[in-house]
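Visitor: Predicted model, plus sequence, below.
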Amino acid sequence: MKHTLIASVQDQPGVLVRVMGMFRRRAFNVESLTVGHSETAGVSRMTFVVDTSRISSRIVEANLRKLVPVLDVHDVTHVPTVSRELALIRVKCAEGERSQVNDLISIFRARIVDVSTDTVIVEITGDPEKVDGLVELLRPRGIVEMVRTGKVAMTRGASARRALAHEHEADADPLELAS
């Protein structure tokens, strides 16, 4: 099973290396990783999609929490979230086929962002299943090149954030909370 974890980390050099070093040492398989600035100065946000078929997501969370630059970690797999992915896809496309490609991608609310003599670059943002669907429709035309950002996620509503905070408190060791 794949789990989505969100970590808040200190925004400083070497944090990504330390986090990924922990994943490497423990042989945790990371399906995707996105990193970017958060709403708080000096804090970045990492979104991991981790394969948990061999190891519990709680063990991955616990190992992340042990790292000094990690401020907070939440498994949002079973929490209502909004998740998105961005993809840029270079597709073979002759001049006379551009309107057909544009009609096809408009179903997915994608758009053409670059045109050359024999290819177009399509941009799509959406949940990973939506991106997969467009990729499968474009594959017969000839995908020349593709890049995907990986999943980013945010919990829905203020109540979801409170539920995550409460879950974190409930999972904590009572002796740890007392100190």
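Guide: Yes, it's here. Residues are numbered from 1 along each chain as shown.
Visitor: Sheet partners, orientation included, of the helix or strand hosting Val120?
Guide: Per DSSP states H and E: Val120 is located in strand 119-126. Sheet pairing of strand 119-126 (DSSP bridges) gives strand 81-92 (antiparallel), strand 111-115 (antiparallel).
Visitor: Please work out which of these is packed deepest.
Guide: Most buried of the strands paired with strand 119-126, by mean neighbour count (mean count of other Cβ atoms under 10 Å): strand 81-92, with a mean of 17. Any C-beta I mention is one placed from the backbone N, CA and C, and that applies to glycine too.
Visitor: can you list contacts of that one?
Guide: 4, 101, 113, 118-128, 131, 134-135, 138, 141-156, 160 (Cβ atoms under 8 Å, 6 or more residues apart in numbering).
Visitor: Tell me the buried residues within these.
Guide: 4, 101, 119-122, 124, 126, 128, 131, 134-135, 138, 141, 146, 148-153, 155, 160 (16 or more other Cβ atoms under 10 Å).
Visitor: So which of those residues are in helices?
Guide: 101, 128, 131, 134-135, 138, 160 (DSSP state H).
Visitor: Nearest to Val70, out of these: which one, please.
Guide: Ala160 (20.7 Å; Cβ to Cβ).
Visitor: Before I go, just wanted to say thanks for your time.
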